[in-house]
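Participant: Build me a model:
(one chain, ligands or ions: 2)
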Amino acid sequence: MLKIVADENIPLAKETFAALGEVVLLPGRNMQAADVVDADLLVVRSVTPVNQALLAGSQVKFVGTCTIGTDHVDLEYLDEQGIGFSNAPGCNAVSVVEYVIAALSHLWRNQQFEFLSKTVGIIGLGMVGGRLFNALQAMSVEVMGYDPLIDSGCYTPMVELEQVLACDIVCIHAPLTKTGPYPSEHMLAIEQLALLKTGAVLINAGRGGVIDNRALLQLLPQRQDLTVILDVFEGEPAIDLSLLPLLTIATPHIAGYSFDGKVAGTSMVYQAVCQHFDLGVADGGVSLAAVSWPEEQAECLQKAALYEAISLITRCFYDIANDDKTTRQSLTAADKLGRADEAFDQLRKQYPVRRQWQGLTLELDALDEGEQRILNAMLSI
Ligand SMILES: NC(=O)c1ccc[n+]([C@@H]2O[C@H](COP(=O)([O-])OP(=O)(O)OC[C@H]3O[C@@H](n4cnc5c(N)ncnc54)[C@H](O)[C@@H]3O)[C@@H](O)[C@H]2O)c1
Ligand SMILES: O=C(O)[C@H](O)[C@H](O)COP(=O)(O)O
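Facilitator: Residues are numbered from 1 along each chain as shown. Ligands and ions are numbered 1, 2, ... in the order given. Just a heads-up that it's a prediction; the model follows:
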């Protein structure tokens, strides 16, 4: 039997890992060396720095993070110590792509921004960025990507960073890296931000530190033509709140927070653990019921033209305006008490169940063949 210490915010952690031993759930943000000293297995999310300070002297043999990102884990240290590791590659990639589409659809509804006829530049073409690239291309949007670390034949066209920054919409999906041939930290500093074209939309749902947030704060008052949407911030949870009024949409690092994406993360790490300890019980998968379109809204959707249909679907499954409103209200109120960082974490901890629309099938009477194809592409992200 293993002793498993897991972040209390991992959905179904107890139910899933109980098959392997004793599960102790703890708040991830404050996990200390004493909490993990006699654990065999540590299961975290992105808010726990996993490094020598946490693990030295412990008997931890495997670390799993139920996230895509790994910038909170000292992988070199784990390797040196012979501690096994797994993240959950792609677990919430669909959710992040849906976040981007929901954000663009929100801009159509509020600013008549016809995103389907714009150019989109994607920075980082991995599980998230690559999926977004394919989805948008299938929706007939002109897309280009920048990713110096993958084969230039993977996506067409792949261009230089400057060309991506000259697009109407720029989406960041690179991990946060500080070393290597192309470190991404502050990849968008003041010089790069200055390259954004007039009226551009900038979306960061990767990691906060890929954009120099101070540079953004410096630039935005002079560039009111820009629409900036941030899901991720430097210094989370203690983010610079003076950015909020300058942003069109602000959300507390929840782009990947579909219930489907979170549960997939738990399940992927469970399976990696079973493989690592050679337990042969990789049956920890949870399958969620398929989503369907609510009957009471069917008539309205059938009559909708393309942008309206996209807007109805995105708002039904994920109304990004609600997250933006709650984030601003909660952080502003908590700031008056000097507790905005706690509020940031609470917003994430108490995040409501959000289901992905991926897999929904809808044939709409009001759409012609081309429009129906675009809708199908959006539904099958
Ligand atoms: N906001 C959220 O809720 C959320 C959810 C999931 C993932 N993320 C973040 O998004 C990142 C990307 O996720 P993913 O699943 O696509 O990861 P991935 O590892 O599959 O892909 C990352 C891609 O970025 C590329 N890349 C690395 N450095 C780069 C650079 N300097 N310039 C351009 N491209 C670069 C890599 O070559 C790779 O193709 C994660 O690392 C994570 O930090 C955020
Ligand atoms: O890297 C990821 O998978 C995402 O950023 C993920 O949604 C982070 O969520 P957290 O671990 O902070 O709860």
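
Participant: Spit out the contact partners of the closest residue to ligand 1 within the chain.
Facilitator: Nearest residue of the chain to ligand 1, counting by Cβ to the nearest ligand atom: G126, 1.6 Å away. Yep, even glycine has a C-beta here, placed from its N, CA and C like the rest. Counting by Cβ atoms under 8 Å, 6 or more residues apart in numbering, G126 touches 147, 150, 173, 175.

Participant: Could you rerun that using 10 Å?
Facilitator: 68, 89-90, 93, 147, 149-150, 173-175, 206 (Cβ atoms under 10 Å, 6 or more residues apart in numbering).

Participant: so what secondary structure elements neighbour the helix or strand of the chain with the lowest mean pLDDT?
Facilitator: Among the helical and strand segments of the chain, the one scoring lowest on mean pLDDT, DSSP states H and E is helix 298-302, with a mean of 91. Counting contacts by 3 or more Cβ pairs under 10 Å, 6 or more residues apart in numbering; DSSP states H and E, helix 298-302 packs against helix 306-317.

Participant: and the angle for the helix or strand following the helix it packs on with helix 306-317?
Facilitator: For helix 306-317, the following helix or strand on the C-terminal side (DSSP states H and E) is helix 320-336. Interaxial angle of helix 320-336 relative to helix 306-317 (axes from the mean of the first three to the mean of the last three Cα atoms, to 10 degrees): 50 degrees.

Participant: so what secondary structure elements neighbour the helix or strand following helix 320-336?
Facilitator: Once helix 320-336 ends, the next helix or strand along the chain (criterion: DSSP H and E) is helix 340-349. On a contact count with 3+ Cβ pairs under 10 Å, 6+ apart, helix 340-349 meets helix 320-336.

Participant: buried sites along the helix it packs on?
Facilitator: Using 16 or more other Cβ atoms under 10 Å as the test for burial, helix 320-336 gives 320, 323-324, 326-328, 330-331, 334.

Participant: just stretch 355-367 next, same as before
Facilitator: Quick answer for stretch 355-367 (16+ other Cβ under 10 Å): 355-358, 360, 362, 364, 367.

Participant: pretty sure G121 belongs to a strand, no?
Facilitator: Yes - counting by DSSP: H, G, I helix; E, B strand; the rest coil, G121 is part of a strand.

Participant: Is it in contact with H173, as I believe?
Facilitator: No - using Cβ atoms under 10 Å, G121 is not in contact with H173; the gap is 11.1 Å.

Participant: For the stretch 251-381 of the chain, give me the ranges with low pLDDT.
Facilitator: Scanning the stretch 251-381 of the chain with the threshold set as pLDDT under 70 gives 281-285.

Participant: Any residues of it in contact with ligand 1? List them.
Facilitator: Counting by Cβ under 6 Å from any ligand atom, the positions of the stretch 251-381 of the chain adjacent to ligand 1 are 253, 255-256.

Participant: Tell me who's in contact with Q59.
Facilitator: Neighbouring residues of Q59 by Cβ under 10 Å, 6+ apart: 3, 36-40.

Participant: Which of these are buried, as a PyMOL select command?
Facilitator: In PyMOL, this line selects whichever of the contacts of Q59 come out buried by 16+ other Cβ under 10 Å:
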select buried, resi 3+36+39+40
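
Participant: returning to what we had before: please produce CSV containing the buried residues of helix 320-336, extended by distance to T156.
Facilitator: As requested, the buried residues of helix 320-336 are exported to CSV (distance: Cβ to Cβ, whole Å):
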residue, distance to T156
I320, 30
D323, 34
D324, 34
T326, 39
T327, 37
R328, 39
S330, 43
L331, 41
A334, 46
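
Participant: nearest to ligand 2, of those?
Facilitator: Nearest to ligand 2 among those, with distances taken as Cβ to the nearest ligand atom, is D323, at 13.3 Å.

Participant: is it true that the closest one touches Q329?
Facilitator: No - between D323 and Q329 there is no contact under Cβ under 10 Å: 11.0 Å.

Participant: Tell me, how many residues neighbour the spatially closest residue to A138 that is not a sequence neighbour?
Facilitator: Spatially, and ignoring its direct neighbours in sequence, A138 is nearest to A377 (3.5 Å; Cβ to Cβ, 6 or more residues apart in numbering). Counted with other Cβ atoms under 10 Å, residues neighbouring A377 total 17.

Participant: same thing with A34?
Facilitator: Counted with other Cβ under 10 Å, the neighbours of A34 add up to 9.

Participant: That one and M1: what is the separation?
Facilitator: 21 Å (Cβ to Cβ, to the nearest Å).

Participant: All the strands of the protein, residue numbers only.
Facilitator: Remark: strands assigned in the chain by DSSP state E are 2-7, 21-26, 41-44, 62-65, 84-86, 119-123, 142-146, 169-172, 201-204, 227-230, 249-250.

Participant: helices or strands next to the fourth one in the packing?
Facilitator: So that's strand 62-65. strand 2-7, strand 41-44, helix 75-81, strand 84-86, helix 259-276.

Participant: Could you list every helix and strand in contact with the shortest one?
Facilitator: Under the contact definition 3+ Cβ pairs under 10 Å, 6+ apart, strand 84-86 sits against strand 41-44, strand 62-65, helix 75-81, helix 259-276.

Participant: Equivalent analysis for the last one, please.
Facilitator: The contact analysis (3+ Cβ pairs under 10 Å, 6+ apart) places helix 259-276 against strand 2-7, helix 13-17, strand 41-44, strand 62-65, strand 84-86, helix 93-111.

Participant: Could you do the second one as well?
Facilitator: Applying 3+ Cβ pairs under 10 Å, 6+ apart, we find strand 41-44 packed against strand 2-7, helix 13-17, strand 21-26, helix 33-36, helix 52-55, strand 62-65, strand 84-86, helix 259-276.

Participant: Perfect, I'm done here.
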